[in-house]
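Peer 1: quick one, what's the 3D model for this:
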Amino acid sequence: MGRESDNTNRPEDILNSVKTRLIASITAATADNTYISTIPEELPPNPDEVMFEISPGQNLSFDYGLFVGAGLDSLNTTMQLTVTVHITQQKDETGRDDSYLRHATLGAFPIVRSILKALGDHDLQDGSSNEQLSQALHPLSATVPPRDDREAGYATVVFEAKFDWDMG
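Peer 2: Sure thing, here's the model as predicted:
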């Protein structure tokens, strides 16, 4: 996949493009409830019944030596990124778990599906429509753990992003 290098192939740019793509593709994702973080202990105030959190993986790997890839001053890089959706809606006691998992717009599985549809096999582009990835985003895993004692839940989807990190 060809692209012009204009310094938009950096991890922070990839995360910003993921945020933009989620907001454009998922009705429940807005500029107010979608943010980039390093998975803090305390979440920011929640303006909605769901929050989308985008975070980089802890490790980056490099397939080839420095300055090999799309051109001069680039590094062929693999980065995992995680999209976590925090689901905070309270449901009546009857059917609570079923609603938490399957509610049409706020259920864990429908939201995971919408994240997969928005990002899976998607090739991110910057504001000038230049491709940012050397390969489309690849979904690696998803988790939907039990809700916590506050009855809030979350789901995560992990993707692999391969790109030529622009070192210029």
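Peer 1: my guess is V85 contacts G153. True?
Peer 2: No. With contacts counted by Cβ atoms under 8 Å, V85 stays clear of G153, the gap being 9.0 Å. For the C-beta atoms, the positions are set from N, CA and C on the backbone; glycine is no exception.
Peer 1: which elements pack onto the helix or strand hosting P56?
Peer 2: Assessed by DSSP states H and E, P56 sits inside strand 50-62. Judged by 3 or more Cβ pairs under 8 Å, 6 or more residues apart in numbering; DSSP states H and E, strand 50-62 is in contact with helix 11-25, strand 34-36, strand 74-87.
Peer 1: give me whichever of the ones you listed is most buried.
Peer 2: Among the helices and strands packed on strand 50-62, strand 74-87 has the highest mean neighbour count (mean count of other Cβ atoms under 10 Å), at a mean of 20.
Peer 1: which other helices and strands contact the next helix or strand after it?
Peer 2: Per DSSP H and E, strand 74-87 leads on to helix 96-102 as the next helix or strand towards the C-terminus. Helix 96-102 is packed against helix 108-119, with contacts defined by 3+ Cβ pairs under 8 Å, 6+ apart.
Peer 1: next one: the residue at minimal distance from the centre of the chain from D121, what distance?
Peer 2: In the chain, the C-alpha nearest the mean C-alpha coordinate belongs to V83, at 3.6 Å (Cα atoms, centre = their mean). According to Cβ to Cβ, to the nearest Å, V83 and D121 sit 15 Å apart.
Peer 1: L106 too?
Peer 2: Here the distance between L106 and D121 works out to 25 Å (Cβ to Cβ).
Peer 1: also A28?
Peer 2: Distance from A28 to D121, counting by Cβ to Cβ: 21 Å.
Peer 1: ditto for H103
Peer 2: Following Cβ to Cβ, the distance that separates H103 from D121 is 26 Å.
Peer 1: more neighbours: those two, which one.
Peer 2: Between H103 and D121, counted using other Cβ atoms under 10 Å, H103 has the larger neighbour count: 18 against 12.
Peer 1: from V144, how far out is L137?
Peer 2: 20 Å.
Peer 1: ditto for G153
Peer 2: 8 Å.
Peer 1: which residues do the two both contact?
Peer 2: Here G153 and V144 have A108 as joint contacts, going by Cβ atoms under 8 Å, 6 or more residues apart in numbering.
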